[in-house]
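# Build me a model from this:
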Amino acid sequence: MNKYLAELFGTFWLVLGGCGSAVLAAAFPELGIGFAGVALAFGLTVVTMAYAVGHISGGHFNPAVSVGLFVGGRFSGKDLLPYIVAQVVGAVVAGAVLYLVASGKAGFDVAASGFASNGYGDHSPGGYSLAACLIIEVVLTAGFLFIIMGATDERAPNGFAPLAIGLALTLIHLISIPVTNTSVNPARSTGVALFQGGWAIGQLWLFWLAPIVGGIIGALLYKTISKK
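This is a model prediction of the structure:
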């Protein structure tokens, strides 16, 4: 149970920190956080929680990571579903906390704000097509899993995996916030989409499908390349 609670709280922290920076801080240009600040916030959530609870649960905080590690032979199948449930619950709780805080400002409209939800087409920040959003999410999640598996390989330098993984997530956000608002994490997408409602829920399927496919590809690629 401890590892499931660690995944729940770690995912809660990721969504609260990453999406919270987008909803609460990036909405005010005078604060100067911008896309780069949001990208850094997501990376920092992973670094801090990977060091805090990675030794308890492995620090997945992401269903695509759990599926990828399972396919890559690094994670037990018996824990896969409980991990995913814990991650989604943590994300939804974070979305609820963020909603309560954001609603404390007069005139806040969760639907109009987008609430840091992921989208394609008319709901892509840069107006990117469904195909473009599918490709970027698959490719970047594949890269993310490749880095995770490499950084946590027994042959890799000890103690640096959280930094490599957090920096990778920052880079991923710097690339793709204009395209999809960056998912690479189905739990993150679900946690805010449920509160935004409407189009965010209707487009949520992509942000489950693409990251999981990408995670599997990245895990298999690393597994193939890293054979001794």
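
# Only alpha carbons, please: show the one helix or strand Leu69 maps to as PDB.
Element membership of Leu69 [criterion: DSSP states H and E] is helix 63-71. What follows is helix 63-71, C-alpha atoms only, in PDB (Å, rounded to 0.1, in the frame of the first residue of the first chain):
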ATOM      1  CA  PRO A  63       0.500   5.500 -16.500                       C
ATOM      2  CA  ALA A  64       2.600   5.600 -19.700                       C
ATOM      3  CA  VAL A  65       5.800   5.200 -17.700                       C
ATOM      4  CA  SER A  66       4.300   2.300 -15.700                       C
ATOM      5  CA  VAL A  67       3.200   0.600 -19.000                       C
ATOM      6  CA  GLY A  68       6.500   1.200 -20.700                       C
ATOM      7  CA  LEU A  69       8.500  -0.100 -17.700                       C
ATOM      8  CA  PHE A  70       6.300  -3.200 -17.700                       C
ATOM      9  CA  VAL A  71       6.900  -3.800 -21.400                       C
END
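
# mean confidence score for whichever helix or strand comes after that helix?
Next helix or strand after helix 63-71 toward the C-terminus (DSSP H and E): helix 80-102. What helix 80-102 shows for mean pLDDT is 97.

# What lies in contact with helix 80-102?
The contact list for helix 80-102 (CB atoms under 8 Å, 6 or more residues apart in numbering) reads 3-5, 7-16, 19-20, 23-24, 57, 60-63, 66-67, 70, 108, 110, 113, 115, 186-188, 190-192, 194-195. Quick note: C-beta positions are derived from backbone N, CA and C, even for glycine.

# Name the residues of the helix or strand bottoming out on mean pLDDT in the chain that come out as buried.
Here the helix or strand of the chain ranked lowest by mean pLDDT, DSSP states H and E is helix 110-113, holding a mean of 89. By neighbour count with 16 or more other CB atoms under 10 Å, helix 110-113 contains the buried residues Val110.

# do stretch 117-129 as well
Buried residues in stretch 117-129 (16+ other CB under 10 Å): 117-120, 123-125, 128.

# what residues are up against the residue most central in space within the chain?
What sits nearest the mean C-alpha location of the chain, by CA atoms, centre = their mean, is Asn185, with 3.6 Å. Contacts of Asn185 were listed using CB under 8 Å, 6+ apart, and they are 14, 61-65, 211.

# Val65: neighbour count?
Close neighbours of Val65, defined as other CB atoms under 10 Å, add up to 30.

# What of the one 3 residues further on?
Summarising burial for Gly68: neighbours were counted as other CB under 10 Å, giving 31.

# try Val97
For Val97, using other CB under 10 Å, the count is 15.

# Just the helices from this protein, written as ranges.
2-20, 34-57, 63-71, 80-102, 110-113, 130-151, 161-180, 186-196, 199-202, 206-225 (DSSP state H).

# With distance to Phe28 as extra columns, can I get the ones you listed in TSV?
Rendered in TSV, the data for the helices of the chain read as follows (distance: least, CB to CB, whole Å):
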stretch	distance to Phe28
helix 2-20	13
helix 34-57	10
helix 63-71	31
helix 80-102	12
helix 110-113	12
helix 130-151	27
helix 161-180	17
helix 186-196	18
helix 199-202	22
helix 206-225	26
